[in-house]
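Using only what follows, build the 3D model:
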Amino acid sequence: MSSDYDFRPGGSLKLKGGVSDGGIVKKKKKSKSKDKEKAASPGEERMKALERAIQEDTKTSSPSGSGRNSPAIASASDRKTAAEKRFEEVQKRRLAEKVARLANKTHKDRVNEFNSKLEALSEHHDIPKVGPG
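Numbers count the residues shown, from 1 in each chain. Down below sits the predicted model:
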């Protein structure tokens, strides 16, 4: 009449492997001597970093440009298809037109245009009043 579920062992949970068996390994802390050496000369590190940055700038300054759409390597532009070249030209032209259009408008013109757009919207887009009053 005893059921399979009647057996209940007591005591704490026994984990496999202990500290002596290699089950739990704590990380060793790094020595702080390197940190102290680095903190001792922050001015020298800044000078070295500036020199490295200047050297990298002189190495990377090339006629290819550093813009988002400019190719990083001159041979990369050779690999583009005719359609890709046309697409980039159209994109550049549209960007130039957009810049010219925005440059012609003053802030006052932009505000007036925005207000006229808001007036043309239906009342559905109005901000409802919240709270008493």
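
so where is this structure shaky, pLDDT-wise?
Filtered on pLDDT under 70, the chain yields the residue ranges 1-2, 16-26, 34-44, 46-47, 50, 57-77, 125, 133.

need the longest helix for it.
For the chain, the helix that runs over the most residues, judged by DSSP state H, is helix 82-104.

For the protein, just list every one of the strands.
Per DSSP state E, the chain has no strands. Nothing in it meets that criterion.

ranges for the helices of it?
Using DSSP H, helices in the chain cover 33-40, 42-60, 74-78, 82-104, 107-120.

Pull the number of nearby residues for K14.
For K14, the number of neighbouring residues by other Cβ atoms under 10 Å comes to 6. The way it works is simple: take the backbone N, C-alpha and C, and place the C-beta from them, glycine included.

Equivalent analysis for K80, please.
As a burial measure, K80 scores 13 neighbours (other Cβ under 10 Å).

Ramachandran coordinates for it?
When read as degrees, to the nearest 10, the backbone of K80 gives phi -80, psi 140.

So that it lines up with my notes, have the first residue be 37 from now on.
Let's use 37 as the start, then, which means that last one is K116.

Next one: it relative to R122, how far apart?
Computed as Cβ to Cβ, to the nearest Å, the K116 to R122 distance reads 10 Å.

Could you do L157 as well?
Using Cβ to Cβ, L157 is found at 38 Å from R122.

same deal with K50?
Applying Cβ to Cβ, the value for K50 to R122 is 73 Å.

Same question for R146.
32 Å.

Next: N140.
In terms of Cβ to Cβ, N140 sits 27 Å off from R122.
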